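Asker: Just to be clear, the model below is a prediction. Sequence and coordinates:
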Amino acid sequence: MSSKNLIHFGPFEVTDQVFYKTPLCYALVNIKPILPGHVLVIPYRQAKRLTDLTSEEISDLFTAVQKVQRMLAVKASGNNEGDGIYDRLQSEEGNVGGGLWDQQRPVQDGKFPKIKDEDRKPRSPEDMNEEALVYQKAMALLDNE
């Protein structure tokens, strides 16, 4: 999904990992997913807290979250029942990207899998780009329905 406009998540350039864009936010695949379908939806404008977003940004963010969840219900075999807003004040894991994001976390047997962060290995850019293309096509199909 490369274009002339690079997209950054904190200090990281993530343009090719983005599978969905709206005027005010984007969705991307996770470098260290817990399970397939573990993705992030992030406002373009970095905000530390949900209360820092405008009404338009909140509406756009949650409309995108809803669409991404709908797509993942099909592509990730319906295992994406977990959703959470992460911000600088809430995250104890360092909030690597900086700022706020919505995280679509997969569940197994109705529960979040307990996987230590050190056990989650970073994926290659090629693997992430391939997953992003699959999700990008699925999102385009949703938009055409």
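Answerer: Received the coordinates, thanks.

Asker: Is the most centrally placed residue in the chain part of a helix or strand, or is it coil?
Answerer: Residue closest to the average C-alpha location in the chain (C-alpha atoms, centre = their mean): Leu40, at 1.3 Å. The assignment at Leu40 comes out as strand when based on DSSP: H, G, I helix; E, B strand; the rest coil.

Asker: Report pLDDT for it.
Answerer: In this model, Leu40 is scored at 91, pLDDT.

Asker: now it: how far from Ala27?
Answerer: 7 Å (C-beta to C-beta, to the nearest Å). The way it works is simple: take the backbone N, C-alpha and C, and place the C-beta from them, glycine included.

Asker: same deal with Ile42?
Answerer: Distance from Ile42 to Ala27, by C-beta to C-beta: 8 Å.

Asker: Strands of the chain, residue ranges please.
Answerer: 8-9, 12-13, 18-21, 25-29, 39-43, 82-86, 101-105 (DSSP state E).

Asker: Pick out the shakiest of those strands, pLDDT-wise.
Answerer: strand 82-86 (a mean of 63).

Asker: What's the local residue count around Leu53?
Answerer: 18 (other C-beta atoms under 10 Å).

Asker: With Leu141 instead?
Answerer: 10.

Asker: among the helices and strands of the chain, which has the poorest mean pLDDT?
Answerer: Using mean pLDDT, DSSP states H and E, the weakest-scoring helix or strand in the chain turns out to be strand 82-86, at a mean of 63.

Asker: where does this protein have low pLDDT?
Answerer: 1-4, 76-99, 101-113, 145 (pLDDT under 70).
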